[in-house]
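Novice: Got a predicted structure here, sequence first:
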Amino acid sequence: MRNDINEAHDAEEDISSSGSDESKKRKVVVPGEVIVSGEDYLPGEGAKRLGENIISIRFGLAEELGRVIKVIPIFGAFVPRRNNVIIGRVTDITFYGWLLDIDSASSAFLPIEESPRFVNKNEMEQFLAIGDVVSAKIWSVKSKGIDLTLKGKGLGKLEGGFIFRVIPSRVPRVIGREGSMINLIKDKTGCQITVGQNGWIWIKGDNVDAEIKARKAIEFVTDKVHIEGLTDKVEKWFEENK
């Protein structure tokens, strides 16, 4: 595998929903700034009520989702949560499973019983060896570490292609509303793409040119996350970069 894991770009803006017509306008806010006023609104993540106002408690992008106002952080490390799909690399093998680097402060462990098929404990390297990259799901987050599983659709060893990093908080924008953005990039490049919530992205195409175009398209998205109509701009980007 071509391991092209780069450090994420420094950024001035961060993630939100896809740039479809359904998405609400977003604006950059700072802690203490009034986002909206009125009893009709409810504070979501990153916001709180102060009298009749909903104010931001973090630096980020304010977004209105129905009556709920939330603020998406502009920067920040990956915070593992149950059911997150992540991409990780095997760093060690124990008698009971595999240790993985998932770019988190906590260690990640894949128990042998969480593999999708029977694995002989004497032949674990034949299933996953040190250095292998996998797409896995977090099924438990504990104080001592994170437990993973490979039982689920689309999970397992990622062979060929390459991986790279983006800022984790940009991942929802890369995926888009109901997968709209990442599906657009897949359709335009013909590449297989897996996006981990921890900011690791795997790309595999029929040729290097297709893979490079897919990566550049993703980087275009992560550089333009604050703007409206991003889907249209990505379509235009592909037209200009045929």
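Specialist: Everything's here; your move.
Novice: Secondary structure class of K188, three-state.
Specialist: Secondary structure assignment for K188 (DSSP: H, G, I helix; E, B strand; the rest coil): helix.
Novice: and if you look at V28?
Specialist: Reduced to three states by three-state DSSP, V28 is strand.
Novice: my read: it touches P73, true?
Specialist: No: checked against Cβ atoms under 8 Å, the pair V28 and P73 is beyond contact range at 11.4 Å. Heads up, the C-betas are built off the backbone N, CA and C, glycines and all.
Novice: Give me the neighbour count for the residue nearest to E39 when sequence neighbours are not counted.
Specialist: Sequence neighbours aside, E52 is the residue nearest to E39 in space, at 6.5 Å (criterion: Cβ to Cβ, 6 or more residues apart in numbering). For E52, the number of neighbouring residues by other Cβ atoms under 10 Å comes to 11.
Novice: thinking again about what came up before, so what's in contact with V28 and P73 at the same time?
Specialist: Counting by Cβ atoms under 8 Å, 6 or more residues apart in numbering, the common neighbours of V28 and P73 are F59, G60.
Novice: Run a quick neighbour tally on V208.
Specialist: Neighbours of V208 (other Cβ under 10 Å): 10.
Novice: To clarify, my last question referred to D223.
Specialist: Neighbours of D223 (other Cβ under 10 Å): 15.
Novice: Kindly report the same for A105.
Specialist: 9.
Novice: three-state assignment of it?
Specialist: Secondary structure assignment for A105 (three-state DSSP): coil.
Novice: In contact with it: list those residues for me.
Specialist: By Cβ under 8 Å, 6+ apart, the contact set of A105 is A77.
Novice: Tell me who's in contact with the nearest residue to G154 once chain neighbours are set aside.
Specialist: Nearest non-adjacent residue to G154, counting by Cβ to Cβ, 6+ apart: S135, 6.4 Å away. Residues counted as contacts of S135 (Cβ under 8 Å, 6+ apart) are V85, I86, I87, G154, L155, G156, L158, T194, G196, W202.
Novice: What's the separation between S135 and L110?
Specialist: Taking Cβ to Cβ, to the nearest Å as the measure, S135 falls 11 Å from L110.
Novice: swap in V29?
Specialist: 39 Å.
Novice: Report the buried members of the contacts of S135.
Specialist: Buried members of the contacts of S135, counted by 16 or more other Cβ atoms under 10 Å: V85, I86, I87, L155, G156, L158, T194, G196, W202.
Novice: Quick check: bridge partners of the second one?
Specialist: Note on I86: beta-bridge partners by DSSP bridges are A136.
Novice: where in this protein is pLDDT low?
Specialist: 1-25, 74-76 (pLDDT under 70).
Novice: in what helix or strand does R215 lie?
Specialist: Per DSSP states H and E, R215 falls inside helix 208-223.
Novice: Mind giving me the packing neighbours of that helix?
Specialist: For helix 208-223, the packing partners by 3 or more Cβ pairs under 8 Å, 6 or more residues apart in numbering; DSSP states H and E come out as helix 171-175, helix 180-189, strand 200-204, helix 230-240.
Novice: That helix to helix 180-189, inter-axis angle?
Specialist: Helix 208-223 and helix 180-189 are oriented at 160 degrees to each other (axes from the mean of the first three to the mean of the last three Cα atoms, to 10 degrees).
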